[in-house]
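Visitor: Predicted model, plus sequence, below.
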Amino acid sequence: MEIKNVTVYGAGTMGHGIAEVCALAGYNVTLVDIKDEILQKAIEKISWSLKKLEKKGQIKSSEEVLARIKTTTDAEEAAKTADYIIEAVVEKFDVKTDLFKRIDAVAKPECIIATNTSTLPISKLAAATNRPDKFIGLHFFNPPTLIRFVEIIRGNKTSDETVKVTKNFAKSIGMDYVEVKKDVPGFLVNRINLRVWIEGARLAEEGVDIEAIDACARYRLGMPMGLFEVMDFSGIDVIYYAGKAMKEMGFEFVESKLIEEKFKAGKLGMKTGEGFYKYPKPGAYFRPKIRKSKAYAVNPVKLMSPAINEAAWLIRNGVASKEDVEKAMKLGMNYSVGILEMADNFGIDRVVEALKARKEERGYDEYNPDPLLLEMVEKNELGKKTGKGFFTWKYEKEEFGRVIYEKRHDIAWIILNRPDKLNALDTNLWTGIYKAIDKAEKDTDVKAIILTGSGRAFSAGDDIAEMFSWKGMADARDFFEKIALPTVEKIIYSEKPIIAAVNGLAFGGGMELCLLCDIVVASEDARFAVPEARIGALPPIAASLGVAVFGKKMVEAVLTGEEIEAEEAKEIGIVNAVVSSDQLEDVAREYAEKMRNPAPRSVAAIKKIIGEIYNAYSQAFKVAMREILIATQFEDFKEGMGAFLKKKRPEWRGR
Ligand code: NAI
C-alpha cells in the first residue's frame, strides 16, 4: 500500500513538529486537535520554522510545504482518508483509547495507527482497536525537526508487515530508527535516561555538587548537556510523571527524593524559571555555566553503571540489539560515545564492582548487576582491556622483559611491571620501555600511548642496587649511553602523544620520565621527587630540560631533593590533572582519546616542535649526562648509593 495521506492527532509540542516533518517529506498531512485556536498556533509555529528553512536555502518554498498541511477538529473525518495515522495527543490513557476507538471504526482497514506515547504500553493501547496487528509505537524526540530519530516499538500483536511499513515510513520522513522488539515500560532511550538521571540525583542527595555531575557528563562522557541541565530542559514534572508511570508498569527503581522535592516545590526547570539551575525568566533558554574544572569530582563509572546495567538488561531480554542500544543513545540523546562503548572503556569488571558497592551502600535491588554483566566478567570479556566486551576491539599484548605492552584498540598501554621493586628502573625496564614505545610508534592504529606502573608506585627511580654494582666508568657509560639515553630520546621524539598515569611514587628517574611525557595525570596520593643529589648523583633531565621548562621550582626540587605532592606538582606545571586513584586510568584514557580528534599529521608535527624545544637545551643536557658519568667515579657516589641501600645517612667527603 502506498502512503500518501498522513493524519497527525494532537497539535501540541510534538504533533506540530511531526506534521511539519511529514509535510517536508511530501506527504499530505491532516493535523487534528480539539480546538481551532490550538491548530492555528501550531500552523504559525510550523510556518515560522519552514520560513527559516527557506531562508537557509534548505527548501525552495515554505508556502508549498505549508499547503500540504490541512487542519481540522473532526477526528473521524480526518481518519477516513488516512493511509498512516500518528497519534500525539496528551499522555492520558483514557483520552488516547477513546480516540483510538473512534478513529479505528472509520479508518481504512489497511491504515496503520502509530502512537507517540512515551510511557503507556503499546499493547494496551492497541487493545482499544480492532487492528492490534496494525498498531505500533512510533516514538519521536523533541523537537522532531531536529532529532531525526525514532524508536519503533512492537506491541504484542504488531505484525511484521506493520513494522516493515513503519520502518520505511520513518526512513521516508528522514528518520533513522531502532526497533524496540518488546513493549517494555520506557522503551529503550527513556529506560537508560531514567537510570542516569536517578543516579545523578542520588549522588546529589549524597552531597555531590550538581555542577560537578554535569561537568562530568558534558566534558568527560561526551554528552551534549549535563544531566540536570537535560532534566531542567525537559521539565522535572515530565520526568517525575514518566518515572511514576514506568514504575506502575513494573520498571523497578526507587524514586529520587531530590526530583520529588523539586516537583513539589514547583521548580520544574526552564519553563518555571528555576529547577536545578536558575533561568533569566520562565521559558527562557539559558545554558547553565558548568565549569570544566569540576569534572573530576565525580567518578564516571559510578555515575553510568546503573544505566549500563539497564542496557545489559535490554540486550539480555531481547528488547534491542547492541547496535541499536548504541545508535539510540547517540541519535536520540546526542551522546558522542554509545553507552556500551562507555562500558567497554571502563571495564565490565569495574562496572560490576561499582554496582555491588552501590548495592552495599543503598541496599536497592536495582543495583544488582545484570546476569549478562556477570557472565561477561566470568568469560573475561571486560571490554577494550581484554579485546572483547559488548563489542570486539583490536587487542594485542606483549611483554618486553618486565614491561607489559597492551594495545587496547587505539591506545597503547605501557605498564612498568616490577611492583616488588616499586618499578625501579633497571636495564630491563629501560629497554622494555624503549621497545614498547617503538612498537606503539610503528602501529598505525595507535593514536596515543599511556605509561603507568603496576602496584603502588609509578617508579621509585633508577635501580640503585644495579648502579652500585657498576665496576667502573665503562659500566656507567654503557648504561647511560646505550640504555637510558636512547629511551629518553625515544620518548622525546615520539610522534605519538605520551601520557603518564602516575599511580604513586614518581621519584628520580620515575619523575624524569614524567617530565618527558606530554601529559601527566596523577592520583591524589602520587608524590614526585628528584632526590639524586642526596645519594651523590644528579637528575640529568630535571637539572637541564626540567629547569629550563619549569623554572625555579624545579631548581628547588633538583637542589633539595624534597618531595612534591601531586597538587603542588600541578601548580608547578609538571602535572595536568590530579584525580582520585579510582579514576586515574579513566582520566589517562580520556586524555588519550582527546588526541584522536586532531589530525595525526598535526600531532606528529607538534610533537616534532616540542622535541625541538628540548633539543634547544641539548647542550645543558649533554653537560648533565657528562656530569652524571663523572659523578659515578666519585667516592661520594659510592657512599650515597651504599648508604641508601643500608638505609643510613651518607657522609659526604667532597671527593
Ligand atoms: P502537548 O500537551 O504539547 O500536546 C498534546 C495536544 O493534544 C494538545 O494540543 C491537546 O489539545 C491535544 N489533544 C488532547 N486531546 C485530543 C484529542 N482527543 N484529539 C486531538 N487532540 C487532542 O503534549 P506533547 O508534549 O506534544 O505530547 C504528546 C504526546 O507525545 C504524549 O503522548 C507524549 O507522551 C508524547 N511525547 C512527548 C515528548 C515531549 O518531549 N514533549 C517526546 C516524545 C513523546
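Guide: Sure, I can see it.
Visitor: Kindly report the residues of this structure close to the ligand.
Guide: Taking CB under 6 Å from any ligand atom as the criterion, the chain approaches the ligand at residues 9-15, 32-34, 38, 75, 88-91, 95, 99, 116-118, 139-142. Any C-beta I mention is one placed from the backbone N, CA and C, and that applies to glycine too.
Visitor: Helices along the stretch 201-350 of the chain, start to end?
Guide: Ranges of helices in the stretch 201-350 of the chain, per DSSP state H, counting those that start in this stretch, are 210-215, 227-234, 236-248, 257-264, 300-316, 322-332, 339-346, 348-362.
Visitor: Using CSV, lay out those helices together with mean pLDDT, distance to Lys439 and mean neighbour count.
Guide: Output for the helices of the stretch 201-350 of the chain, formatted as CSV (pLDDT from 0 to 100; distance: least, CB to CB, whole Å; neighbours: other CB atoms under 10 Å):
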stretch, mean pLDDT, distance to Lys439, mean neighbour count
helix 210-215, 98, 36, 22
helix 227-234, 96, 40, 24
helix 236-248, 95, 49, 19
helix 257-264, 97, 49, 17
helix 300-316, 98, 29, 24
helix 322-332, 98, 30, 21
helix 339-346, 98, 22, 25
helix 348-362, 98, 26, 18
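Visitor: quick one: the nearest residue to Leu203 once chain neighbours are set aside from the ligand, how far?
Guide: Nearest non-adjacent residue to Leu203, counting by CB to CB, 6 or more residues apart in numbering: Ile213, 5.9 Å away. Taking CB to the nearest ligand atom, to the nearest Å as the measure, Ile213 falls 22 Å from the ligand.
Visitor: Just the buried residues of the residues of the chain next to the ligand.
Guide: Listed as buried from these are 9-11, 14-15, 32-33, 38, 75, 88-89, 91, 99, 116-118, 139-141; burial here means 16 or more other CB atoms under 10 Å.
Visitor: ok, Gly573 touching Met554?
Guide: No. In this structure, Gly573 is not within contact of Met554 by CB atoms under 8 Å, at 9.3 Å.
Visitor: When those two are compared, which one has more neighbours?
Guide: Met554 (23 against 13; other CB atoms under 10 Å).
Visitor: how near is that one to Ala543?
Guide: Met554 sits 8 Å away from Ala543, taking CB to CB, to the nearest Å as the criterion.
Visitor: cool, and His139?
Guide: Using CB to CB, we find His139 at a distance of 64 Å from Ala543.
Visitor: How about Leu221?
Guide: Distance, Leu221 to Ala543, using CB to CB: 41 Å.
Visitor: For those two, indicate the residue with more neighbours.
Guide: Ala543 (25 against 22).
Visitor: tell me the contacts of that one?
Guide: Taking CB atoms under 8 Å, 6 or more residues apart in numbering as the criterion, Ala543 is in contact with Val530, Val558, Ala620, Ala624.
Visitor: Tell me the one of these nearest the ligand?
Guide: Nearest to the ligand among the contacts of Ala543 is Val530, at 57.8 Å by CB to the nearest ligand atom.
Visitor: ok, that closest one to Ala599 distance?
Guide: Using CB to CB, Val530 is found at 35 Å from Ala599.
Visitor: Can you name the residue of this structure nearest the ligand?
Guide: The nearest approach of the chain to the ligand comes at Gly12, 1.9 Å away (CB to the nearest ligand atom).
Visitor: And the helices in the stretch 551-655 of the chain?
Guide: For the stretch 551-655 of the chain, the helices defined by DSSP H, counting those that start in this stretch occupy 552-560, 566-572, 584-594, 600-616, 618-631, 635-645.
Visitor: Show me what the second one is in contact with.
Guide: Applying CB under 8 Å, 6+ apart, the external contacts of helix 566-572 come out as 502, 520, 522-528, 550, 553-554, 564, 575-578.
Visitor: Give me the most central residue, this structure.
Guide: Leu221 (2.5 Å; CA atoms, centre = their mean).
Visitor: Touching, it and Val337? I think so.
Guide: Yes. Assessed by CB under 8 Å, Leu221 is found in contact with Val337 at 7.1 Å.
Visitor: Please enumerate the strands of the stretch 351-500 of the chain.
Guide: For the stretch 351-500 of the chain, the strands defined by DSSP state E, counting those that start in this stretch cover 395-400, 403-408, 411-416, 448-453, 498-502.
Visitor: before we move on, what about the stretch 1-150 of the chain?
Guide: Per DSSP E, counting those that start in this stretch, the stretch 1-150 of the chain carries strands over the ranges 5-9, 28-32, 69-72, 84-87, 112-115, 135-139, 149-153.
Visitor: Could you point out which of those sits nearest Gly347?
Guide: Smallest distance to Gly347 across the strands of the stretch 1-150 of the chain (CB to CB): 29.0 Å, for strand 149-153.
Visitor: Give the next helix or strand downstream of that closest one.
Guide: helix 160-172 (DSSP states H and E).
Visitor: Show me what counts as buried in the helix or strand hosting Arg195.
Guide: Following DSSP H and E, one finds Arg195 within helix 189-205. Buried residues in helix 189-205, counted by 16+ other CB under 10 Å: 189-204.
Visitor: show me what contacts Leu314?
Guide: Going by CB under 8 Å, 6+ apart, Leu314 touches Val184, Leu188, Arg191, Ile192, Ala320, Val325.
Visitor: do the same with Thr145
Guide: Applying CB under 8 Å, 6+ apart, we find Thr145 in contact with Gly17, Glu20, Val21, Ser49.
Visitor: one step back: highest average neighbour count across the strands of the stretch 351-500 of the chain?
Guide: With neighbours taken as mean count of other CB atoms under 10 Å, the strands of the stretch 351-500 of the chain reach their highest mean count in strand 498-502, at a mean of 28.
Visitor: now that strand, how far from the chain's geometric center?
Guide: From the chain centre to the centre of strand 498-502 is a distance of 20 Å (CA atoms, centre = their mean, to the nearest Å).
Visitor: And the contacts of the helix or strand following that strand?
Guide: Counting by DSSP H and E, the element after strand 498-502 in chain order, helix or strand, is strand 505-507. Here strand 505-507 makes contact (CB under 8 Å, 6+ apart) with 422, 456-461, 500, 513-514, 522, 526-531.
Visitor: at 7 Å what do you get?
Guide: Under the criterion CB atoms under 7 Å, 6 or more residues apart in numbering, residues Leu422, Ala457, Phe458, Ser459, Ala460, Gly461, Cys514, Ala526, Arg527, Phe528, Ala529, Pro531 lie in contact with strand 505-507.
Visitor: Nearest to Gly347 among those?
Guide: For the contacts of strand 505-507, the residue nearest Gly347 by CB to CB is Phe458; the value is 20.3 Å.
Visitor: how's the chain carved up into domains?
Guide: 5-180, 189-378, 395-643 (automatic domain parsing).
Visitor: okay, the ones you listed in CSV with distance to Trp652 next?
Guide: Listed next are those as CSV, based on distance: least, CB to CB, whole Å:
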stretch, distance to Trp652
domain 5-180, 72
domain 189-378, 43
domain 395-643, 5
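Visitor: picking up where we left off before, would you convert the strands of the stretch 1-150 of the chain into CSV that also reports distance to Lys384 and mean pLDDT?
Guide: Shown next, in CSV, are these (distance: least, CB to CB, whole Å; pLDDT from 0 to 100):
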stretch, distance to Lys384, mean pLDDT
strand 5-9, 44, 98
strand 28-32, 46, 98
strand 69-72, 49, 98
strand 84-87, 41, 98
strand 112-115, 39, 98
strand 135-139, 32, 98
strand 149-153, 26, 98
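Visitor: Output those strands in JSON lines, with distance to Lys471 appended to each entry.
Guide: Listed next are the strands of the stretch 1-150 of the chain as JSON lines, based on distance: least, CB to CB, whole Å:
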{"stretch": "strand 5-9", "distance to Lys471": "89"}
{"stretch": "strand 28-32", "distance to Lys471": "90"}
{"stretch": "strand 69-72", "distance to Lys471": "92"}
{"stretch": "strand 84-87", "distance to Lys471": "86"}
{"stretch": "strand 112-115", "distance to Lys471": "84"}
{"stretch": "strand 135-139", "distance to Lys471": "77"}
{"stretch": "strand 149-153", "distance to Lys471": "71"}
